[in-house]
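K.L.:
starting from these lines, generate the structure:
(one chain, ligands or ions: 1)
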Amino acid sequence: MTKTLLRALAGETLPTPPVWMMRQAGRYLPEYRATRAKAGDFLSLCYTPDLAAEVTLQPIRRYGFDASILFADILLIPQALGADLWFVTGEGPRLSTITSAGDMAHFKGKDDIHETLAPIYETIRILTRELPAETTLIGFAGAPWTVATYMIAGRGTSDQAPAHALREGDPETFDALIDLITGATIEYLSQQVQAGAEVIKLFDSWAGSLKGDAFERYSLQPIKRIVTALKSRHPGLPVIVFPREAGDSYPGFAKAVGADCLALDTSVDATWAAETLQPETCVQGNLDPKLLVTGGQPLIDEAQRITRAFRGGPHVFNLGHGITPDADPENVHVMLDAIRSA
Ligand code: 1CP
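P.N.:
Purely as a prediction, here's the structure:
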């Protein structure tokens, strides 16, 4: 096995960690903005395999990252299930909302999503042909709780209040929604693997707003169900999980869900994580994306501090959240040089 990402995910300690970035294909790159303009809008870009493959490849050409992440979005599953989805430029995603069981009555079943999602599988097939031999292809989906927060509120929210309200006020409807998303996600990711995705990442971006029993029931358990099903269908498939802002629920999480790697957000201290989390699992993270905006010596120092902190065990270098549109593309070269010379 020569691909460095796969080696780290298998538990190997490497002299230099494999590197990729969350949202590495995105608006901070002029070539992304050009291809997006050609597609017309964000969803057309996701559903046009040639163009989606092109933007997936752009950061690989520019920086030679060790991994490439499929260009798509976590909100394509809601759309495939029958929710309305559109993007408001400069604001973000908008979806139809869910306030009662009636709003889900017209949804499709978990096995009926592939007609909508077929272009995504085609993007993966193109990438398996076009990616450099040493680059690992990561497929992904949102975790059920995070996807549910968007489906219920109809947009991104800072406190996920509408989702919490449905969870507490109408648990039957909420549980049915989580179950539907979980089942659909298993089918979607399984098709991604069949098309050529070598690693799967699950993004639970809003895991941090669940506490105690609710965290266990709606972040951990659905993720565990997905990981278990995928690994039984695709033995040996490596899985990365990102329970963002899970705080004191990070320890034990990867093991509990059966994942191979735990992605860390910016709030997690690398020295603490090296002592507490890395002995149980490969860790991924966790440079603050703001440093790619501001750059300079603080960027170099922090990239090297993280690299050195995790040097004693399996580590995948990444950001603690997605790179932002105002990041300077030159700073990514600075980050890579810093990691390699740490
Ligand atoms: O204007 C544009 O061009 C759209 C910006 C954009 C991009 C580049 C969106 C809208 N989605 C994406 C691609 C994307 N999204 C990828 C693949 C590209 C890559 O990583 O290189 C991935 C993995 C995602 C995942 C995603 N989408 C998450 C989970 C990760 C995270 O950031 O926490 C979430 C929450 C989304 C929803 C979403 N899609 C887009 C936006 C702006 C948002 C967030 C909306 C909000 O919360 O308000």
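
K.L.:
mind listing what the closest residue to F42 other than its chain neighbours touches?
P.N.:
Once flanking residues are discounted, F42 sits nearest to F87: 4.7 Å by CB to CB, 6 or more residues apart in numbering. In short, each C-beta sits where N, CA and C put it, glycine included. Residues near F87 by CB atoms under 8 Å, 6 or more residues apart in numbering: 41-43, 93-94.

K.L.:
who wins for neighbours among the residues you listed?
P.N.:
For the contacts of F87, the largest number of neighbours (other CB atoms under 10 Å) sits with P93, at 19 neighbours.

K.L.:
look up the residues forming beta bridges with that residue.
P.N.:
Judged by DSSP bridges, the bridge partners of P93 are F87.

K.L.:
once you drop chain neighbours, what's closest to the residue in the chain positioned nearest to the ligand?
P.N.:
Closest residue of the chain to the ligand, CB to the nearest ligand atom: G156 (2.2 Å). Nearest residue to G156 in three dimensions, chain neighbours excluded: G92, at 5.4 Å (CB to CB, 6+ apart).

K.L.:
do I have it right that that neighbour meets A153?
P.N.:
No: counting by CB atoms under 8 Å, G92 sits too far from A153 to count as a contact (11.6 Å).

K.L.:
between those two, which is the more surrounded one?
P.N.:
Neighbour tally, G92 and A153, criterion other CB under 10 Å: the higher count belongs to A153, 21 against 12.

K.L.:
now the closest residue to the more buried one other than its chain neighbours: which helix or strand?
P.N.:
Spatially, and ignoring its direct neighbours in sequence, A153 is nearest to P162 (4.1 Å; CB to CB, 6+ apart). Taking DSSP states H and E as the criterion, P162 maps to helix 161-169.

K.L.:
which residues belonging to that helix are considered buried?
P.N.:
162-164, 166-167 (16 or more other CB atoms under 10 Å).

K.L.:
let me have those residues in a markdown table, extended by pLDDT.
P.N.:
A markdown table is the format used below for the buried residues of helix 161-169 (pLDDT from 0 to 100):
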| residue | pLDDT |
| --- | --- |
| P162 | 98 |
| A163 | 98 |
| H164 | 98 |
| L166 | 98 |
| R167 | 98 |
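
K.L.:
so which of those residues reach the ligand?
P.N.:
Contacts with the ligand are made by none of the buried residues of helix 161-169, judged by CB under 6 Å from any ligand atom.

K.L.:
which residues are in contact with stretch 286-300?
P.N.:
By CB under 8 Å, 6+ apart, stretch 286-300 touches 22, 28, 263-266, 268, 270, 273, 302-303, 306, 317-324, 326-328, 330-332, 334-335, 337-338.

K.L.:
the residue nearest to A153 reaches I152, doesn't it?
P.N.:
Yes: P162 is within contact range of I152, at 4.9 Å (criterion: CB under 8 Å).
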